[in-house]
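**Q** got a predicted structure plus its sequence, pasted below:
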Amino acid sequence: MDLWGQLVVFAQIVLINLLLSGDNAVVIAMAGRRLPPAQRRRAVWWGAAAAVLLRCALTVLAALLLDIPFLQTAGAILLFVIAYKLLTDHKEEMNAGAGASTLAGAVWTIVVADFVMSLDNVLAVAAVAGGDTALLLIGIAMSIPIIIWGSSFIMHLLDRYPVLLYFGGGLLAYAACEMALKDKGIAPLIAQLGDNGLRALPFATVAALLFAALWMKRKSRVHS
């Protein structure tokens, strides 16, 4: 590959990381938001480290894992549950003291979600790198500042505009549905939905998540 070709591939990897690392940053921000301020930075660094290590570990296994029928669907369901939990665990009236999430709990949520989302991320970067190990490693390394800066920035936004929490949850639900739609195991089952149905399904998933989260929040207020 000549220099120009490497520059083009490098630009593609940058764009992919900007687009795909956003989900990881959203998870870290949502999971770490309820932590005391002193523990937030640790959650960001641990979460970013987990995301990068998972990407490195999954680089070799991603292609094999994604060929397993229904694995992506299982991951999508898990990611949807995580998004729901992050929304329904949020309490506006909670302070940073008693009852706030623990660092270990936040990091565990981040690790599980990162594992699910890193499968697609690694495959996308690996496909563009075309077997070039150096470019692949650069792509993985570039995700570190993106995730760290992105999650810190999003966390500040969530503090200032709590309603954005639902936007973040919707983003994760959309990503979960998109992941499931790529699963070869369920392809024959959803083919009958047609093109319009398949395009509408991610938005229906987002609507279902937001409806369930808002209903649960309203129910908890009635019983409190």
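**A** Happy to help now that I have it.

**Q** now the helices for this protein?
**A** 3-32, 37-65, 71-88, 103-129, 133-160, 164-181, 187-190, 194-223 (DSSP state H).

**Q** dump these to a markdown table, plus mean pLDDT and mean neighbour count.
**A** C-beta here means a position set from N, CA and C on the backbone, and glycine is covered the same way. Shown next, in a markdown table, are those (pLDDT from 0 to 100; neighbours: other Cβ atoms under 10 Å):
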| stretch | mean pLDDT | mean neighbour count |
| --- | --- | --- |
| helix 3-32 | 71 | 20 |
| helix 37-65 | 75 | 18 |
| helix 71-88 | 84 | 20 |
| helix 103-129 | 72 | 21 |
| helix 133-160 | 76 | 18 |
| helix 164-181 | 85 | 21 |
| helix 187-190 | 82 | 11 |
| helix 194-223 | 87 | 13 |
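
**Q** so for residue 43, what's the nearest residue that isn't a sequence neighbour?
**A** Nearest non-adjacent residue to residue 43, counting by Cβ to Cβ, 6 or more residues apart in numbering: residue 32, 3.7 Å away.

**Q** list the contacts for the one you found?
**A** 39-40, 43-44, 47, 106, 110, 151, 155 (Cβ atoms under 8 Å, 6 or more residues apart in numbering).

**Q** what is the most widely separated pair among those?
**A** Largest separation among the contacts of residue 32 by Cβ to Cβ: 39 and 151, giving 13.7 Å.

**Q** which among the contacts of residue 32 gets closest to residue 68?
**A** Nearest to residue 68 among these is residue 110, at 23.9 Å by Cβ to Cβ.

**Q** distance of that closest one relative to residue 87?
**A** 16 Å (Cβ to Cβ, to the nearest Å).

**Q** residue 182 now?
**A** Relative to residue 87, residue 182 is positioned 24 Å away (criterion: Cβ to Cβ).

**Q** cool, residue 7 as well?
**A** Residue 7 is 41 Å from residue 87, by Cβ to Cβ.

**Q** ok, residue 54 next?
**A** As judged by Cβ to Cβ, residue 54 and residue 87 stand 23 Å apart.

**Q** again with residue 30
**A** Using Cβ to Cβ, one obtains 8 Å as the distance from residue 30 to residue 87.

**Q** what residues are shared contacts of the two?
**A** 165, 169.

**Q** tell me the confidence at the closest residue in space to residue 184 that isn't next to it in sequence?
**A** Closest residue to residue 184 apart from its sequence neighbours, by Cβ to Cβ, 6+ apart: residue 69 at 5.9 Å. You'll see residue 69 listed with a pLDDT of 83.

**Q** residue 69: how many residues sit nearby?
**A** 11 (other Cβ atoms under 10 Å).

**Q** make 42 the starting number, not 1.
**A** All set: I'll call the first residue 42, so the last point we hit is now residue 110.

**Q** close enough to count as contact, it and residue 224?
**A** Yes: between residue 110 and residue 224 there is a contact under Cβ atoms under 8 Å: 7.1 Å.

**Q** which ones are touching the residue nearest to residue 225?
**A** Per Cβ under 8 Å, 6+ apart, neighbours of residue 110: 224-226.
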